[in-house]
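>>> Need the 3D shape of this:
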Amino acid sequence: MKQIKDPIYGYVDLEDFCFPLIDTAEFQRLRNIVQTGYQALYPSALHNRFVHSIGVYHLGTKAFDCFEKNVRERNYDEYVSIPWNQYRKTFVLACLLHDVGHSPFSHTGEEYYKKSTDFKEVLKRCLPDLFDFHDDIKVDTGKPHEAMSAIVGLKLLLSENIVDIDKELFVRSIIGVKYKHNDKLIENTIIGMLNGSLIDVDKLDYLIRDSYVTGFNTMALDVDRLFAGYVISEYTDASSAVKRVPAFKRGSLSVIENVTFANDLERHWIQNNPTILYDVKLIQLAIESYDNYMVNTYKDKLGDEKSIFSKTAISASGYIEKGINLSLLCDDDIVCFLKNIHRENIVSKQFFDRSQRLKPIWKSEIEFKNLEKELMGNSVARSFKNTLRAIHDNTFYINEEKKEQAIKELENLKQTINGDSIDEMKEVAKKSLPSQQDIVKVFEIFHDFANANDLNNDFAFIFVTKHYESNYAKLMNEEIYIEFNKDRVIQLKDALSVEAIDASDEEKTGYYYIYTSKHNIEILKTKKIDVASELLSYISQNWNKKKA
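Residues are numbered from 1 along each chain as shown. You can find the predicted model right below:
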């Protein structure tokens, strides 16, 4: 047993079997994977996936020990023979290694894993004889970083000769895929303790740690009180049938609500902050450029590989044998690329020089909704929003260069329709024409607005595809139970003191942020003009007049 000092939990006890894994290059790589993209707004948010993984391990040991103790005290005959020691070691190692496969800049880069890895096939090869597992992962392999972490983590365990675990439970705990069998209640509860819907040790650590490093204090989360309530209870349903269910004792209820509220606040006010979204977008563009550069530069050595974001890239051996100087892929590789190779690109300039970044002209979804309602008619608001939604995957900057590209694409469509193209191509072009005309309208509206107000044509937008919805709505649909006493067990949804309000259909279509240069904002400010009101009013007045 050794100890690591954590600024939040104090001394964390780490069992001896953990250190061979922690000392591997693959785990140490996590020191160079930032935990969040919050630094643009909270400069102290410098924590990484390494310290988060230690924290999740710490919470996992406490949670499991409480759960085992509470279940054993119930004296359920069928749970006496469960290999508790093996399950404990399996679970805490899953907690420790649950993020070992994370991509650079955490979630921002993980989508690229899908281009390089068929997770279903790789996971099948990791556990070749478990056909029930193969059936379960046909539908779900977890998020890309979870699947990659399970694959890399299992490889590390085998390389360190740690075999006294349940490999299937290890993988399932990381990817969050439960057993379909009715006799796997204990195993499924264990899986949910690491990768559940909301109340699991992974989310608990990031809520506690993010609050600590940002200073965005919501409330204290009493994890000891929560863990003390983990138990298996007997629930009587409406038909008077009795079944065993995972539950929390009544003392945990207040903590569950606090966790839900803290998670809501972080998602609503930090993750969807326009400054943070802008920073994340720059990183997305940087990662895309880096991946394209590496694949194109080394295509003769990479063969059919479609992305450099792969299990090979994040391994200690990497692509060195192929003659590519890349291993243990992490944030530093992307930053180095921006500094030394991509340095003249606008993304690189804005990444390093904050004075060149564009500024949001409204600061929250609530402010946007009120501006939109006050200044834009429903028809224009809907049409404009739909156009932004259609192009947001491929468009960020709204400037002269992008405007010319959009116009060129429109002219190509018109030439296809009016030229000698085959009928099938003409039909496709005709269907695409109205959408492309609206896209051109977006660029021309901003261009004309800039000219009318003596501004530079320097804008950008980010479309937030999902309206913020409280996690209370999620809890209402989860099979989570509260035990007030052994004879009174109810579903959590019937015990919550707060009820989530459903979003309207219009809210569910998403919303957007518009950014412009500090120069533009200052010019309008000297004229005592609010840029947000002026721009939305201009769009409302001119959208239907503009013919692309």
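>>> can you tell me how far the residue lying closest to Ser197 once chain neighbours are set aside sits from Leu185?
Counting by CB to CB, 6 or more residues apart in numbering, Glu478 is the residue found nearest to Ser197 once chain neighbours are left out, at 5.1 Å. For glycine as for every other residue, the C-beta is placed from the backbone atoms N, C-alpha and C. From Glu478 across to Leu185, the span is 16 Å (CB to CB, to the nearest Å).
>>> ok, these two, which is more surrounded?
Set side by side, Glu478 and Leu185 show more neighbours around Leu185, with 20 against 16, by other CB atoms under 10 Å.
>>> Next up, the contacts around the more buried one.
Going by CB atoms under 8 Å, 6 or more residues apart in numbering, Leu185 touches 232, 244-246.
>>> Just the CA atoms of stretch 293-307, as PDB, please.
The C-alpha trace of stretch 293-307 is given here as PDB (Å, rounded to 0.1, in the frame of the first residue of the first chain):
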ATOM      1  CA  TYR A 293      -1.800  16.600 -42.100                       C
ATOM      2  CA  MET A 294      -0.500  13.400 -40.600                       C
ATOM      3  CA  VAL A 295      -2.700  11.100 -42.800                       C
ATOM      4  CA  ASN A 296      -1.700  12.900 -46.000                       C
ATOM      5  CA  THR A 297       2.000  13.300 -45.100                       C
ATOM      6  CA  TYR A 298       2.500   9.700 -44.200                       C
ATOM      7  CA  LYS A 299      -0.100   8.000 -46.400                       C
ATOM      8  CA  ASP A 300       2.600   5.700 -47.900                       C
ATOM      9  CA  LYS A 301       3.400   4.400 -44.400                       C
ATOM     10  CA  LEU A 302      -0.100   4.400 -42.900                       C
ATOM     11  CA  GLY A 303      -1.700   2.400 -45.800                       C
ATOM     12  CA  ASP A 304      -5.500   2.300 -45.500                       C
ATOM     13  CA  GLU A 305      -5.600   3.900 -42.100                       C
ATOM     14  CA  LYS A 306      -8.100   6.800 -42.200                       C
ATOM     15  CA  SER A 307      -7.000   8.600 -39.000                       C
END
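>>> Residues in contact with it: which ones?
Contacts of stretch 293-307 (CB under 8 Å, 6+ apart): 112-113, 115-116, 291, 308, 319, 322-324, 326, 337, 341-342.
>>> For the buried ones among those residues, write the corresponding PyMOL selection.
Buried residues within the contacts of stretch 293-307, by 16 or more other CB atoms under 10 Å, are selected in PyMOL with:
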select buried, resi 112+113+116+291+308+319+324+326+337+342
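>>> With pLDDT added, can I get the contacts of stretch 293-307 in TSV?
Converted to TSV, the contacts of stretch 293-307 look like this (pLDDT from 0 to 100):
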residue	pLDDT
Tyr112	92
Tyr113	94
Lys115	90
Ser116	90
Asp291	96
Ile308	95
Tyr319	96
Lys322	94
Gly323	95
Ile324	96
Leu326	97
Phe337	97
Ile341	94
His342	93
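>>> so, if you compare the contacts of stretch 293-307, which one comes nearest to Phe170?
Nearest to Phe170 out of the contacts of stretch 293-307 is Tyr113 (CB to CB; 19.5 Å).
>>> right, and the closest one touches His107 too?
No - Tyr113 is not in contact with His107 according to CB atoms under 8 Å; the separation is 11.1 Å.
>>> Between the two, which contacts overlap?
By CB under 8 Å, 6+ apart, the residues touching both Tyr113 and His107 are His145.
>>> confidence score at Trp194?
Residue 194: Leu, not Trp. Looking at Leu194, its pLDDT stands at 98.
>>> whoops, Asp502 was the one
pLDDT, read off for Asp502, is 66.
>>> Need the max-distance pair from the contacts of Leu185.
Greatest spatial distance in the contacts of Leu185: Arg244 and Pro246, 8.4 Å, computed using CB to CB.
>>> So these two - more neighbours on which side?
Pro246 (22 against 17).
>>> Distance of that one relative to Gln350?
47 Å.
>>> Grab the most central residue of the protein for me.
His107 (4.9 Å; CA atoms, centre = their mean).
>>> which residues does that one contact?
So His107 contacts His145 (CB under 8 Å, 6+ apart).
>>> That one looks like it's in a strand, true?
No - if the criterion is DSSP: H, G, I helix; E, B strand; the rest coil, then His107 is helix and not within a strand.
>>> tally of neighbours for Tyr206?
There are 18 residues near Tyr206, going by other CB under 10 Å.
>>> same deal with the one 4 residues further on?
Applying other CB under 10 Å, we find 22 other residues in the vicinity of Asp210.
>>> for Thr108, same thing?
The burial count for Thr108: 22, using other CB under 10 Å.
>>> Excluding chain neighbours, what is closest to it?
Closest to Thr108 by CB to CB, 6+ apart is Ile283, at 5.0 Å.
>>> Burial check on the one you found, number of neighbours?
Quick note: Ile283 (other CB under 10 Å) scores 24 neighbours.
>>> Roughly how far does it sit from Arg267?
Distance of Ile283 to Arg267, given as CB to CB: 19 Å.
>>> Then Val122?
31 Å.
>>> Tell me where the stretch 1-150 of the chain has helices.
Counting by DSSP state H, counting those that start in this stretch, the segments of the stretch 1-150 of the chain that form helices are 19-22, 25-28, 49-74, 84-97, 113-116, 119-126, 131-136, 144-159.
>>> Compare the ones you listed and report which one is nearest to Ser435.
helix 113-116 (26.1 Å).
>>> Would you mind extracting the C-alpha trace of the closest one into CSV?
The C-alpha coordinates for helix 113-116 follow below in CSV (Å, rounded to 0.1, in the frame of the first residue of the first chain):
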residue,chain,number,x,y,z
TYR,A,113,-11.4,7.1,-33.1
LYS,A,114,-14.4,6.0,-35.0
LYS,A,115,-12.5,6.5,-38.3
SER,A,116,-9.7,4.2,-37.3
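>>> what's the closest residue to His181 other than its chain neighbours in contact with, if anything?
Leaving aside its sequence neighbours, His181 sits nearest to Asp132 (CB to CB, 6+ apart; 7.5 Å). Going by CB under 8 Å, 6+ apart, Asp132 touches 179-181.
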